[in-house]
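Student: coordinates only, sequence not included:
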């Protein structure tokens, strides 16, 4: 067993779904066992200063990357940090917070893989890459309901930030072990409950053996959950495809494989389905469960637990 904290990185553009993914993973591991850090707290300038300087929050020069790297190194060795706090509602900084790392640390944000030192601090690295149309919808919904913007302000911000997204955010995809893309099917529009999930599983970390139920011969989950071979950045990868219409029985079957492959995973899984994960907020504010999201959260949890037991 590893006695230092296990660190998961979740990187993606603004409103890519990082917080939703993080929340479910923390619920599986037990929130009392998880410390969540947001690298967006390390902005160098507040909202007014950024406007005056004409710099976006996505630009490396607008963030204390050296301090993020230093804090990741401290957290990895179990040491506390004094973390800044950026208040997204006010656009200003709140007093810093003294944080001691728990057994698991999830670090989410825009620029988490920007330096070699940061990348070397993670046990598992995830990149979220939703289609831009879907991310735009999510950002409008979030920023108008929670951050005091109107629709036109959000769209204007997206236009202004696009060069920095292309230059600094999307290139970090190359460093991820798992690339997650939630996307709508042609018939379901942008219904968050019915989004499909595509997970590129790079061979940079050992992935669970899903061939027993997803192999070419005898895949009894049909087309709803399938494993495909593809190439990513010129290299062969496995791609796990999860249909938004997957049934609860199919989800439980895949969950059983994840939970039974390694003995220590059992206590984190409810083999009748885990009702606490995969939660998304519906259009009228109700909580709904997305099975592709739940399985994505479970797969990433699997990697964190495996790292805790096998990596020095």
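Tutor: Alright, I've got the coordinates. Because the structure is predicted, anything quoted here is derived from the model rather than measured. Numbers count the residues shown, from 1 in each chain.
Student: which positions within the helix or strand hosting residue 141 qualify as buried?
Tutor: For residue 141, the element it lies in under DSSP states H and E is helix 132-146. For helix 132-146, the neighbour count (16 or more other CB atoms under 10 Å) marks 134-143 as buried. Heads up, the C-betas are built off the backbone N, CA and C, glycines and all.
Student: again with stretch 43-51
Tutor: 43-45, 50.
Student: for stretch 302-309, same thing?
Tutor: Quick answer for stretch 302-309 (16+ other CB under 10 Å): 302-308.
Student: what is the helix holding residue 141 packed up against?
Tutor: helix 151-164 (3 or more CB pairs under 8 Å, 6 or more residues apart in numbering; DSSP states H and E).
Student: report the angle between the axes of the helix it packs on and helix 132-146?
Tutor: 130 degrees (axes from the mean of the first three to the mean of the last three CA atoms, to 10 degrees).
Student: what's downstream of helix 151-164, the next helix or strand?
Tutor: Remark: after helix 151-164, the chain's next helix or strand is strand 178-183, criterion DSSP H and E.
Student: show me what that next one is in contact with.
Tutor: Strand 178-183 has contacts (CB atoms under 8 Å, 6 or more residues apart in numbering) with 17, 21, 124-131, 134, 173, 195-202, 232, 292-293, 296, 299-300, 303.
Student: and the longest helix seen in the chain, what does it pack onto?
Tutor: Longest helix in the chain, counting residues (DSSP state H): helix 291-310. Secondary-structure packing of helix 291-310 (3+ CB pairs under 8 Å, 6+ apart): strand 6-11, helix 18-29, strand 124-128, strand 178-183, strand 196-201, strand 235-242, helix 248-261.
Student: adjacent strands (with direction) for the first one?
Tutor: Right, the one you point to is strand 6-11. Using DSSP bridges, the strands paired with strand 6-11 are strand 104-109 (parallel), strand 124-128 (parallel).
Student: how far does the shortest one sit from the chain's center?
Tutor: Going back to what we said before, that points to strand 124-128. Taking CA atoms, centre = their mean, to the nearest Å, one finds strand 124-128 lying 6 Å from the centre of the chain it belongs to.
Student: follow-up on the earlier one: which of the strands paired with strand 6-11 sits most buried?
Tutor: strand 124-128 (a mean of 25; mean count of other CB atoms under 10 Å).
Student: that one to strand 196-201, inter-axis angle?
Tutor: 140 degrees.
Student: contacts for strand 124-128, please.
Tutor: With CB under 8 Å, 6+ apart, strand 124-128 has contacts from 6-13, 16-18, 21, 113, 119, 172-173, 175-181, 205, 300, 303-304, 307.
Student: go again using 6 Å as the cut-off
Tutor: With contacts defined as CB atoms under 6 Å, 6 or more residues apart in numbering, strand 124-128 is touched by 8-12, 16-18, 173, 175-180, 303-304.
Student: over to residue 59: give its phi and psi.
Tutor: phi -80, psi 130 (degrees, to the nearest 10).
Student: and what of residue 247?
Tutor: With angles defined as degrees, to the nearest 10, residue 247 sits at phi -90, psi 160.
Student: returning to what we had before: centre of the chain to the helix holding residue 141, how far?
Tutor: That offset, for helix 132-146, works out to 17 Å (CA atoms, centre = their mean).
Student: so what's residue 176 closest to, chain neighbours aside?
Tutor: Nearest residue to residue 176, sequence neighbours excluded (CB to CB, 6 or more residues apart in numbering): residue 127, at 3.6 Å.
Student: show me what that neighbour bridges to in the sheet.
Tutor: residue 11, residue 179.
Student: can you check residue 197 too?
Tutor: Residues in beta-bridge contact with residue 197 (DSSP bridges): residue 182, residue 242.
Student: sorry, back to before: residues in contact with the longest helix of the chain?
Tutor: 2, 6, 8, 24-25, 28, 104, 123-124, 180, 197, 208, 242, 244, 246, 251, 258, 264-265, 277-278.
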